[in-house]
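[1] Based on what follows, work out the 3D shape:
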Amino acid sequence: EFYETEIAYLQDTLPTLSGAEVELSEAIASSPFRPDIEQEFGKQYFVSMDLQKKLYCEANVPLRQQESRLTNEYQKIMATAEIPFDGKTLNLYGLQKYFEHSDRAMRAAAVKAYSKFYEANEPRLEEIWDELIKIRNQMGKNLGYENYIPVGYLEQGRTDYGEQEVASFREQVRTFLVPLCQKLYDAQAKRLGLDHVMCYDEKMVFPDGNAEPAGDDAFMVKTAQKMYHEISPETGEFIDFMIDHELMDLQNKPGKASTGYMTSLPSLKAPFVFSCFNHTIFDMQVLTHELGHAFAGYMAMRSQPISDYYSESTDIAEIHSMSMEQFAYPYAEWFFGDQADIEILEKHHNRKVDAPSGTAKTIAAKISQAKGAFGKVTIHSVRSGTNFGVHSVIFGGTGENITLTHRAENVEAFALGAIKQAEVLFAKRTE
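    Now for the predicted structure:
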């Protein structure tokens, strides 16, 4: 009740401050010191200011208040979900774990239970949606637009592209990505032995089951801390700060909003990550994706001169989060143990006698000795044609893999390597 009262106060008060903020911005923009401010903080400072001015009109203040109440009501409906399933009472994230169950009937039942929750709340959810559309379109009209769409672009902080560019992007998605996704679904269906991937099959990537975390929530956080220390000194400092100051709320519990995001406490120069672990690969995605956002915020708060530059538009923000996922891929087996497959594929000409090759054995031994390596390394040998030598190391996770390949194009590479090694040995002998 205390927090609900506080939230209600903020929802009603913050929109009323917009006018004063715009007046302050106009005073700064018309100041004789504007050139100095622009030289110190860059042009983006005033570009952002102009966006805020374009978004404000007094008639929209009560509409903003109504919008906040409706979005908060929606989130509360999602957070208070109590769905009976498999002898338990689960929230939305807890139920989603069953979307990856090896039993197809269990997956289908879980998706049905999930859908029933939305069906049961459909009347009010549709009312909220309808009210939001009307309120937001009115906001746009009050600002002189035909509807809410231009306002949405302004609220996203988009200053260098608009509806036309996004329409072009959507067409590229339809033309190139949709067919690619269909190929991936077809490959998934073949892998799972299905005629067609249904909605309740989408999360099931491998026939023998998806990878699951090798430990509990505490294990995942501790492993993430170890990983970030391996990636760089900066990320190591960052994760220690997050853990030491308890800036991550990750445990799933009743009444908790089923979402994941990063926000910030600017006055403390502290990011904060909110999510709900459910003991699936999603947990590692939180510890990479959301912490990717958090790391970007952490560094910005320590390098940017003003708090206006501590964050960025949502589309740019995804570069930070997705990049951190990429950086984390080589450490997947730390989180999933031997469920993260490591395969070596070596190919040589059909007259090579030994298999596996000595190189493949050496690579396998080095990987097994590597710090943090859990899983068994499997070697596959191919003898065909006139292959001079190809060695690929494949790190297989859930839904993706990383492949590192060395390919010898001719025997000259081996000869040059032998000569260089001979020169090194000769130099040592004559020292």
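[2] How confident was the prediction at residue 338?
    Among the per-residue scores, residue 338 shows a pLDDT of 62.
[3] next one: residue 370
    61.
[4] Helix, strand, or coil at residue 213?
    coil (DSSP: H, G, I helix; E, B strand; the rest coil).
[5] Against residue 225, how distant is it?
    Using Cβ to Cβ, to the nearest Å, one gets 15 Å for the distance from residue 213 to residue 225. Backbone N, C-alpha and C define where each C-beta goes, glycine included.
[6] Tell me which residues touch residue 25, please.
    Taking Cβ atoms under 8 Å, 6 or more residues apart in numbering, we find residue 25 in contact with 49, 52-53.
[7] Angles on the backbone of it, please.
    Dihedral angles phi and psi of residue 25 (degrees, to the nearest 10) take the values phi -60, psi -40.
[8] That one and residue 37: what is the separation?
    Residue 25 sits at a distance of 12 Å from residue 37 (criterion: Cβ to Cβ).
[9] repeat for residue 351
    Separation of residue 351 from residue 37 (Cβ to Cβ): 74 Å.
[10] who's more crowded, residue 213 and residue 225?
    Legend: neighbour count by other Cβ atoms under 10 Å for residue 213 and residue 225, higher for residue 213 (22 against 17).
[11] Would you mind measuring from the more buried one to residue 295?
    Using Cβ to Cβ, which is the criterion applied here, residue 213 is 21 Å from residue 295.
[12] try residue 66
    With distances defined as Cβ to Cβ, the gap from residue 66 to residue 295 amounts to 36 Å.
[13] between those two, which one's more packed in?
    Set residue 66 next to residue 295 and count neighbours by other Cβ under 10 Å: residue 295 wins out with 26 against 16.
[14] Check which helix or strand the more buried one maps to.
    Using DSSP states H and E, residue 295 sits in helix 291-301.
[15] next SSE after that helix?
    Heading C-terminal from helix 291-301, the first helix or strand you meet, by DSSP H and E, is helix 314-328.
[16] residues in contact with that next one?
    Outside of helix 314-328, the residues that reach it under the criterion Cβ under 8 Å, 6+ apart are 156-158, 227, 231, 284-285, 287-293, 295-296, 311.
[17] Quick check on these: which are buried?
    In terms of neighbour count (16 or more other Cβ atoms under 10 Å), the buried residues within these are 158, 227, 231, 284-285, 287-293, 295-296, 311.
[18] And those, which two are furthest apart?
    Pairwise distances across those (Cβ to Cβ) peak at 33.6 Å, for the pair 158 and 227.
[19] Would you mind checking the contacts of residue 25 for buried ones?
    Among the contacts of residue 25, those scoring as buried are residue 49 (criterion: 16+ other Cβ under 10 Å).
[20] any idea which of the contacts of residue 25 is closest to residue 262?
    residue 52 (22.3 Å).
[21] The closest one: what's it in contact with?
    Counting by Cβ under 8 Å, 6+ apart, residue 52 makes contact with 18, 21-22, 25.
[22] Just the buried ones among those, please.
    Burial by neighbour count, 16+ other Cβ under 10 Å: within those this picks out 18, 22, 25.
[23] give me phi/psi at the second one?
    By that I understand residue 22. Note on residue 22: its backbone torsions stand at phi -70, psi -40 [degrees, to the nearest 10].
[24] rewinding a little: for residue 351 and residue 37, indicate the residue with more neighbours.
    Between residue 351 and residue 37, counted using other Cβ under 10 Å, the more crowded position is residue 37 (14 against 7).
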